[in-house]
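Chemist: I'll drop the sequence and a predicted model, then ask my questions.
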Amino acid sequence: MKKFITITLIAAVVAGLSLSGVAIAQEQKYAVTFAPLGLLYGAVHVNFDTAINKKTSFSSSLGKWILNLGDWSFSSFSSGFGYKMYPKAGALKGFYWGPRVEMDLLNVKYSYDYLGVHEEVIAFCTVFTVKLETVYRWIWDGFTLELGGNIGFASGEILMYTELDKQKYSFTGLNVSPVFNIGMAF
């Protein structure tokens, strides 16, 4: 019986070491990251990456933001898609660049009292952005760190409502944003 237990334990250890070697040797095909600094002001932005081949990946993202500051209330929803290209073989690792498209929906509400009368201003904003992202991604035992930036062109519309008035504004402009994400690759 001792011989059987000893052989079983040795086989389990050898199998475990073999499987861990296989897991380390496998390339990651998926990455899930988020922007941790956004949590400081009530925002959650999650990115999902899927390797297409050794030099490209497809990404999608979802974001939600809710913040109340005194008389001000903010909430938003964002969604985006991107195509990432890796100059060196090994999708999901190292430097990547590529086009990205995002859509953001923002709701802002300002409530105040003026001369005993309660007033509210509500604004809805829709923003469509086309970006070029350049990022470097490190992967250590599945943990992921991304640093980089985006530059893009944004176009949007703001609808403002008060109890007596409705106004509409359109805007376009340059959008520059940093990238700092952490997450897991598997």
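Modeler: Received, thanks.
Chemist: count of residues packed around the nearest residue to residue 89 once chain neighbours are set aside?
Modeler: Sequence neighbours aside, residue 54 is the residue nearest to residue 89 in space, at 4.5 Å (criterion: Cβ to Cβ, 6 or more residues apart in numbering). In this view, the C-beta of every residue, glycine as well, is placed from N, C-alpha and C. By other Cβ atoms under 10 Å, 13 other residues sit near residue 54.
Chemist: Surely residue 168 and residue 158 touch.
Modeler: Yes: between residue 168 and residue 158 there is a contact under Cβ atoms under 8 Å: 7.2 Å.
Chemist: Which of these two has more residues huddled nearby?
Modeler: Higher neighbour count among residue 168 and residue 158: residue 158, with 16 against 8, using other Cβ under 10 Å.
Chemist: what about the more buried one, which SS state?
Modeler: strand (DSSP: H, G, I helix; E, B strand; the rest coil).
Chemist: Same check on the one 10 residues further on?
Modeler: Taking three-state DSSP as the rule, one finds residue 168 in the strand state.
Chemist: Model confidence for it, exactly?
Modeler: Per-residue pLDDT puts residue 168 at 95.
Chemist: repeat for the one 10 residues further on
Modeler: Residue 178 is assigned a predicted lDDT (pLDDT) of 95.
Chemist: Check for me that it belongs to a helix.
Modeler: No: under three-state DSSP, residue 178 sits outside any helix and is assigned strand.
Chemist: about what we covered before: where does the residue nearest to residue 89 fall, phi/psi-wise?
Modeler: Torsion angles at residue 54 (phi, psi; degrees, to the nearest 10) stand at phi -70, psi -10.
Chemist: quick one, what contacts it?
Modeler: Taking Cβ atoms under 8 Å, 6 or more residues apart in numbering as the criterion, residue 54 is in contact with 27, 86, 89-91.
Chemist: Go through the residues you listed and name the one with the lowest pLDDT.
Modeler: Among these, residue 89 carries the weakest pLDDT, at 73.
Chemist: and it, what element?
Modeler: Using DSSP states H and E, residue 89 sits in no helix or strand.
Chemist: Let me know whether residue 133 touches residue 83 as I believe.
Modeler: No: using Cβ under 8 Å, residue 133 is not in contact with residue 83; the gap is 9.9 Å.
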